[in-house]
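Novice: Fold the following.
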Amino acid sequence: MSENQESTIPPEYNVTGQDYSDRRHFRYVGPPIVDVHAHVFQTRPTDPKDGPPATGPGASTTQAEIMLDVAKEFNVGRIYSMCPAEDIPVLRDRFGDRLGFNGPISKKLDEPDDVAYRLLDRFLELNVSMLKLWSAPRGRERGLVVDAPWRIEAVRRARVAGVRIIMVHIADPDAWFRRVYTDVAKFGTKADQYGPFEKMMTLFPDLIWIGAHMGGDPEHADHLESLLERFPNLHFDTSAAKWQIREASAHREAIRSLICRKPDRFLFGSDLVTRHNLQSEHYVSRYWCHRTLWESDWEGRSPIADPDFQGPEGGPATPPLRGLNLPNEVLEKVYHGNAERLLRLKEPTSQRSSTFGK
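Specialist: Numbers count the residues shown, from 1 in each chain. Sure thing, here's the model as predicted:
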């Protein structure tokens, strides 16, 4: 491909030529939005295009600065980041209360359980606001099921230490089960993902649970409602722009109705990730689309490239974006009020204890 041909390919963050400065459809004017689901890292030139950040020299907070500047432009006041423990002191020192932190508890399949417990202790020392259990189907063969014995023990220790909020990534898009997770023996069905999650919520009914990415199932509002009815401490975040644009738009009335009937159970999240050399417009595109989706009646094609969208041959390359136009009183809860209420459940630092020796 020639240089001229490459220059004509639109960037992934704006394949339709959308004017992101046009925000006349934004309605929300309440307190600053709280983004409960993001990945603000230090970045390095050696970072992979996808996946966790690299380690070693060359760490920079430049991308974090760019992202947080964009967030402020969209009235996002506080962001909760999942990042390596070693990044937290640097980011906290640089950005102060603009950032809160969520500690991902994980380990490799062949590592002893103590690896996860030491990581937990480090996050507790850093006074994270919540913990994250990443349990996508593709993590099964790596032992990252949500109810693995070492994760049950980690949650037990975290509860003793004063943590009260656990976020879980429990499933992936229906489209992935049609094309990626075709080996049911290896990955299970989508329905299979939820049994272990329900087990954890039953084991720890006093904790607050957040199902990431609309509980992993924006395709099925009836399933989400069933979970909310059975587990009173369960909440969902709205993160993952491409996924929510594609599926919340396609199921607009069902998702809108559910959020309006249960406005105390949803929290705003973006799932934005800092990557080395990203343009500010990348971050702009995600926050523009999220606010457009939840608070307006805007309709058009999504401006973000979406490889999971399969439209008719010769049709548009991106899915429709159809705003849910949530009522003002619902928006205030989703954007701000629910996060403010729930995140106060963490005990003060002076009352937290280490899990060493437990």
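Novice: Let me see the contact set for residue 156.
Specialist: Residues near residue 156 by CB atoms under 8 Å, 6 or more residues apart in numbering: residue 204. The C-beta positions use only the backbone N, C-alpha and C, and glycine is treated the same way.
Novice: Please enumerate the strands of this protein.
Specialist: Ranges of strands in the chain, per DSSP state E, are 33-38, 76-82, 99-104, 130-134, 165-169, 208-211, 234-237, 266-267, 299-301, 320-322.
Novice: Which residue ranges of the stretch 151-300 of the chain form helices?
Specialist: Counting by DSSP state H, counting those that start in this stretch, residue ranges of the helices within the stretch 151-300 of the chain are 174-179, 184-187, 194-203, 212-215, 221-230, 241-250, 252-261, 280-295.
Novice: Looking at those, which one is packed in the most?
Specialist: Ranked by mean neighbour count under mean count of other CB atoms under 10 Å, the helices of the stretch 151-300 of the chain are led by helix 212-215, which reaches a mean of 25.
Novice: Export the strands of the chain as JSON lines, with columns for mean pLDDT and mean neighbour count.
Specialist: JSON lines is the format used below for the strands of the chain (pLDDT from 0 to 100; neighbours: other CB atoms under 10 Å):
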{"stretch": "strand 33-38", "mean pLDDT": "98", "mean neighbour count": "26"}
{"stretch": "strand 76-82", "mean pLDDT": "97", "mean neighbour count": "23"}
{"stretch": "strand 99-104", "mean pLDDT": "98", "mean neighbour count": "22"}
{"stretch": "strand 130-134", "mean pLDDT": "98", "mean neighbour count": "23"}
{"stretch": "strand 165-169", "mean pLDDT": "98", "mean neighbour count": "25"}
{"stretch": "strand 208-211", "mean pLDDT": "98", "mean neighbour count": "23"}
{"stretch": "strand 234-237", "mean pLDDT": "98", "mean neighbour count": "24"}
{"stretch": "strand 266-267", "mean pLDDT": "98", "mean neighbour count": "27"}
{"stretch": "strand 299-301", "mean pLDDT": "98", "mean neighbour count": "14"}
{"stretch": "strand 320-322", "mean pLDDT": "98", "mean neighbour count": "21"}
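Novice: Let me have these in CSV, extended by distance to residue 52.
Specialist: Shown next, in CSV, are these (distance: least, CB to CB, whole Å):
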stretch, distance to residue 52
strand 33-38, 15
strand 76-82, 10
strand 99-104, 9
strand 130-134, 10
strand 165-169, 14
strand 208-211, 21
strand 234-237, 20
strand 266-267, 24
strand 299-301, 32
strand 320-322, 29
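Novice: For residue 177, find the nearest of those.
Specialist: With CB to CB as the criterion, residue 177 lies closest to strand 165-169 of the strands of the chain, at 15.0 Å.
Novice: Neighbouring strands of the closest one in the sheet, and parallel or not?
Specialist: Strand 165-169 has the following strand partners under DSSP bridges: strand 130-134 (parallel), strand 208-211 (parallel).
Novice: Check the offset of that strand from the chain's centre.
Specialist: 10 Å (CA atoms, centre = their mean, to the nearest Å).
Novice: ok, residues contacting that strand?
Specialist: Strand 165-169 is contacted by residues 36-37, 102, 129-136, 146, 155, 158, 197, 200, 204, 207-213, 216, 237, 342-343, 345-346 when judged by CB under 8 Å, 6+ apart.
Novice: one more time with 6 Å
Specialist: 130-134, 136, 146, 197, 207-210, 212 (CB atoms under 6 Å, 6 or more residues apart in numbering).
Novice: Tell me what angle it forms with strand 76-82.
Specialist: Put simply, strand 165-169 runs at 70 degrees to strand 76-82, going by axes from the mean of the first three to the mean of the last three CA atoms, to 10 degrees.
Novice: what's next to stretch 97-107, contact-wise?
Specialist: 68, 79-82, 88, 91, 115-116, 120, 123, 128-132, 154.
Novice: can you rerun that using 8 Å?
Specialist: Residues outside stretch 97-107 that contact it (CB under 8 Å, 6+ apart): 37, 40, 68, 77-83, 85, 88, 91-92, 113, 115-116, 119-120, 123-124, 126-134, 143-144, 150-151, 154, 167, 343.
Novice: Stretch 194-201 too?
Specialist: Contact with stretch 194-201 is made by 133, 135, 145-147, 151-152, 155, 166, 168, 170-171, 207, 209, 211, 227, 230-231, 233-234, as judged by CB under 8 Å, 6+ apart.
Novice: and with 6 Å instead?
Specialist: Outside stretch 194-201, the residues that touch it by CB under 6 Å, 6+ apart are 145, 146, 147, 168, 170, 209, 231.
Novice: Ignoring the adjacent residues along the chain, who's closest to the fourth one?
Specialist: Right, the one you point to is residue 168. Among residues not flanking residue 168 along the chain, residue 133 sits closest, at 4.9 Å (CB to CB, 6 or more residues apart in numbering).
Novice: rewinding a little: compare the strands of the chain and give me the one nearest residue 222.
Specialist: Residue 222 sits nearest to strand 234-237 of all the strands of the chain, at 13.9 Å, using CB to CB.
Novice: which strands and helices sit next to that closest one?
Specialist: Here strand 234-237 touches strand 208-211, helix 212-215, strand 266-267, going by 3 or more CB pairs under 6 Å, 6 or more residues apart in numbering; DSSP states H and E.
Novice: any chance of those in a markdown table, plus distance to residue 314?
Specialist: Output for the helices and strands packed on strand 234-237, formatted as a markdown table (distance: least, CB to CB, whole Å):
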| stretch | distance to residue 314 |
| --- | --- |
| strand 208-211 | 37 |
| helix 212-215 | 30 |
| strand 266-267 | 37 |
